[in-house]
Structures are given as structure tokens and as C-alpha cells.
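[1] Sequence plus the predicted model coming up.
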2 protein chains.
Amino acid sequence: MEGERVLERPANQWTLTQRYTERAVEFIERSRSRPFFLYLAYSHPHTPVFASKEFWGKSPRGHYGDTVEEIDWSVRRIVETLTELKLDRNTLVVFTSDNGPWLTMRQLGGSAGMLRDGKGTTWEGGMRVPAIFWWPGRIQPQVVTGVGSTLDLTPTFASLARADLAKDRVYDSVDQSPTLLQGAPSARDVVFFYRLQDVYAVRMGPYKAHFVTESSFGEGTQRTEHDPPLLFNVDEDPSESFDISARHPDVLEKIRALVREHRATIQPVENQLNRYPPGEKRGEEGLRPWGK
Amino acid sequence: MEGERVLERPANQWTLTQRYTERAVEFIERSRSRPFFLYLAYSHPHTPVFASKEFWGKSPRGHYGDTVEEIDWSVRRIVETLTELKLDRNTLVVFTSDNGPWLTMRQLGGSAGMLRDGKGTTWEGGMRVPAIFWWPGRIQPQVVTGVGSTLDLTPTFASLARADLAKDRVYDSVDQSPTLLQGAPSARDVVFFYRLQDVYAVRMGPYKAHFVTESSFGEGTQRTEHDPPLLFNVDEDPSESFDISARHPDVLEKIRALVREHRATIQPVENQLNRYPPGEKRGEEGLRPWGK
């Protein structure tokens, strides 16, 4: 699609990554003399996995690896474009992902490494993703081990661009620009891990409590409630293997209080899936409606 | 111990890493004007886990992380010593491990990341370890994804030092210096994975076949024979999750032939555990004798 217009249906997915990249490069070249925002959400490495013929069958990691190598090539192409246009000292590039690997897809689904489980779950393998911030000369070079969230991108971008945030809404996010620019500790200590409208897990500093765990999308619904919640120290035990809830009732009490405070700030909203145009598919089968 | 002399019993393990490092640095300084070989096998991060007070309790990863940070500091100290003495262009430093993490030790046992299982098993998590070769100006900078083995260190060192290997024995090893110096592909394509005297698994190129799998030391003996063997493509599936034996009988036949050839080269030797001095402990309880 381009805007509301359908360009191609079905899309030729073999060349999709290349075409996204070329359009992104054109947009950057066209926008070089004014501020711009580019949101480049590649369809791959999500399944179904495709890559152009220069990359297909080339990676030892199989076709999943082929798509990753093509995206790697694409990121280089974009970064080189910024550098050639001398925009690199004036442009923040953020590379991240929306969720962990879809393990149900087996060899085509990626890997969360040492992290437990994958996409669709609130284990670390579903929720913790890489995030790279690139802005030569401005970013404080470092590895940040504190907690961050993609929610934080909005106020961080606004702060860096000296733009005001709209005042008619509540933000569950914090400005992370002091961490990026001066190496300050993360401005966030807490993350609520949702599945649909429910808080399944909470991260507080090194601790993560699971109130509910559930298997990945596409693997049936094995939903288990935990009372007391499971508790892990994900600094010491990033694979969430060793439940320490019995040793830390104090930590669990603090986390329960955080959830109560958080819930009090939530206001039910219109069912978001009703916003699809009439006659269009209303989201994945089996999704429960949002809100009450 | 120093040579045959017991210096301290029991050893003060809190300071052991520091003392190993200082003795290594002294040895390098003393040996600077002649060829030398230093084998520095730290006791840690093996359990029981200890670190000196500068490192104890400092790592977010817990006490296992403390020991890793102290070893990291130690490696830097040794590399800096070589550099200060201007020996760095004339010294090959190899950093590696004998096996994967001892998962039975839980938070104190380390992690094999995405690799399956750990120490004591012939899964990748027990057998595949990092290996870093450092020799500024001589090593071809690269990441080698081919197969290597610690067995290969002997002929590689001999080749680099232009020394002859003793001719009275058979070597199951290959000279990897062309890979290190010129970036040639690994000289090895096959690894036999033993547990005690038995071949449990075989790596051949991207494939790995498991004839026997068994749980880690200290977790009972759950030994399973596989016929046909389990087969994984560890390039595409490094976590050994997806058995592809049914699709590749040809690969299994080649691997069976390799095992037959390999077995024909083996000669029974004297039981190695009988070499302990009389009255001393003869190795870990439950170890079966080597040889027939």
C-alpha cells in the first residue's frame, strides 16, 4: 500500500525488503534539507520468510538467516546514505524489534538465545528485544543494562526534537534522552507486561514477577495463574529458570502495590478492533476484544 | 601446589584467581627474553565460586558474574603485560574453556546461551565453547564458524613454533595455523564427541548425529541410545531442537562410516586412573575406567 492505495495484491514478497529499503533511501534523499521522521518496519524476518535472489540460500542459518542478512545489508545501505548526505550527525537511528522470535515456526522463526520462550508469551524471550541507538557524536557510547521500553521512544524523540507532547492523554512512558546523551541510568525501573488487556508479568529493577503465564500464539491456550506469582531475578537468572518467590515476599508485596496503582490509572477505551473498515478482517482469529 | 610440593591445604580460594594472575605475570616477566609456554587454567568460574573482595558482590549476574569479571580483569592484566614488554607481536594468546556450564549448579553454574544443555553432556551446550586467538599483526582478524577442537592446539602450536611433533604416537588433531594466519577454511570437518570411552555424537560439517544422549553429571544416569541416531543441522538449528534424521539417511550413512573408520584406529591403553599415587583418590565416584 501507499497511503490508502493498494499497489500490489498479493505483494511480491521476494523483493519486499529491497523495495522498502530503496523507498526509504529515496525518502531520505528527498527530505535531506528538512527535519524528517522515517518509520521503516520490514515485513521480514517475520514468516513467511522471503529474500531477494542475491540473499536466498546464502546464509548457513537457512532462510531465516537469509532474511536477516538482507535486512543487515539494508541497514548498512540506509546508514551509508545518511553518512554520504552528511546527515549522520543530525539523525538518530534506532534499530529494534516489536517482539521475540515466533518459535512455533521452528527453523524459520529465529531464536531468543538464552531467554525463555518467545513471541506471544510474557517470558523474556517474547518481550526482551535488542535496541541499538546510533547517532555519531551525540550518543554516549555504552551498553545499557537497565530497563527500557518502546513506549519510551515517543517522549524521547519529542525531547530530542524539542517538540511538545500532546497534553490530552496519559503517557506510560519516560524520556530516555539523558541515558542516551549523558549515560545517565535508565529513567525507567518498572515495566508492565501485557497480553491483550491483562497484566501477566511485571519487571521491577532486577526482579520479574509472573501473575499469569501462557503458551505462545498458535500453540493452544495453556494459561496458568500463579498465586503467589513466580519471581525471578533476571539479572542473575536471565533465563527465568529459578523461582525465588518464597525468599522474597517483600518484593512481591511491592510489585502487587505497583499493579494496584497502575490499574487505578487505566481507563477503558473503545474496542480498537471495531475501527477496522466494515467488511475487512477484524484482526487475528481468537483475539479477545480490548477494554472491558 | 608448586610442582609436587603442596603450598597450602585447604587452598584459600578467595584469592586464588588473583594469585594465579600474579604468578603468570611474574613468569612472563622472567621469561621475556626466551621462548615460553604458559598454561594458565583458572579454577574459577568452576564451582565452588569465589572472588577476591574487589570483585565479590559487584556483578549484577551474581557471584558467578563476580568470578567472570575477575577473570576478565586478569586476562586484561596479562595482555597488558605482554604489550608493555613488547611481546605482543611475538606471542599467541588463546582464551578458551574445557566445557560448557555446569547447569546443575543453577545460578552459580553459568549459561550456554542458545545451546542445548551443558557440561557432562554431548549436546552443544556441553561441548561448544568460545575460543579467542589473539596475536596482533599475525592473526587474520575474523570470526571462524567452521569446526575446531582443543585437540588441534598441539599441532597448531608446533607448526607456529616450527617444532617437530613426537613421532611415536597418533594425533587426532590437525594444524589450524593456515586458518589463523591466512583465513583458510578450518582444516577440520569432523569431531567425535566422547563421554568416557564411548562415541556419543559426531559432528560432520553442519550436521551432528547423536548415537547416545545422557543427562549431565550429578543428575542421575538417564542414558538413551538412538537408532537411527538423532540428526541436527547445527548451522541452521544451533539449539538442536529439530531432528531431521528421517530426511537425511545419506548423511547418517556417511557418519556411521566415519565412526567405523575412527574405531579401527583406536588402541586400548592402560587404565589412566591407575596412575594416581597409591592411597590418593582415584577420580570422581561413578567414573568408569577408561579403555576396555
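    Perfect, thanks for sending it.
[2] For residue A:66, give me its contacts.
    Counting by Cβ atoms under 8 Å, 6 or more residues apart in numbering or on different chains, residue A:66 makes contact with A:49, A:51, A:55, A:56, A:57, A:58, A:59. Every residue, glycine included, has its C-beta placed from N, CA and C.
[3] tally of neighbours for the third one?
    Read that as residue A:55. 21 (other Cβ atoms under 10 Å in any protein chain shown).
[4] what are the phi and psi angles of it?
    phi -110, psi -20 (degrees, to the nearest 10).
[5] That one against residue A:68, yeah?
    No - counting by Cβ atoms under 8 Å, no contact exists between residue A:55 and residue A:68, whose distance comes to 9.2 Å.
[6] Now for the contacts of residue A:66, which sits with the most neighbours around it?
    Neighbour counts for those peak at residue A:51, which has 28 neighbours (criterion: other Cβ under 10 Å).
[7] That residue: what secondary structure?
    Per DSSP: H, G, I helix; E, B strand; the rest coil, the secondary structure class of residue A:51 is coil.
[8] Test my guess that it contacts residue A:67.
    Yes - contact criterion Cβ under 8 Å: residue A:51 and residue A:67 qualify, at 4.9 Å.
[9] anything in contact with each of those two?
    A:17, A:44.
[10] ok so, going back, show me which of the contacts of residue A:66 is closest to chain B.
    Using Cβ to the nearest Cβ, residue A:59 comes nearest to chain B of those, at 8.7 Å.
[11] Contact partners for that closest one?
    Counting by Cβ under 8 Å, 6+ apart, residue A:59 touches A:65, A:66, A:68, A:69.
[12] Can you name the two of those that sit furthest apart?
    Pairwise distances among the contacts of residue A:59 were taken by Cβ to Cβ; the largest, 7.4 Å, belongs to A:66 and A:68.
[13] Contact distance from chain B - what residues of chain A qualify?
    A:60-62, A:65, A:106-107, A:111-114, A:145, A:206, A:233, A:235-239, A:241-242 (Cβ under 8 Å from any Cβ of the partner chain).
[14] Which among the residues you listed count as buried?
    A:61-62, A:65, A:107, A:111-114, A:206, A:233, A:235-239 (16 or more other Cβ atoms under 10 Å in any protein chain shown).
[15] In strands, which of the residues you listed appear?
    Those of these mapping onto strands are residue A:233, per DSSP state E.
[16] For residue A:192, pull up the helix or strand it's in.
    When secondary structure is defined by DSSP states H and E, residue A:192 falls within strand A:190-195.
[17] how distant is stretch A:199-218 from the center of its chain?
    What separates the centre of stretch A:199-218 from the centre of its chain is 16 Å, taken as Cα atoms, centre = their mean, to the nearest Å.
[18] same question, stretch A:112-122
    A distance of 13 Å separates the centroid of the chain from that of stretch A:112-122, by Cα atoms, centre = their mean.
[19] just stretch A:222-232 next, same as before
    The chain centroid and the centroid of stretch A:222-232 are separated by 24 Å, computed with Cα atoms, centre = their mean.
[20] ok, now which ones touch residue A:242?
    By Cβ under 8 Å, 6+ apart, the contact set of residue A:242 is A:232, B:106, B:107.
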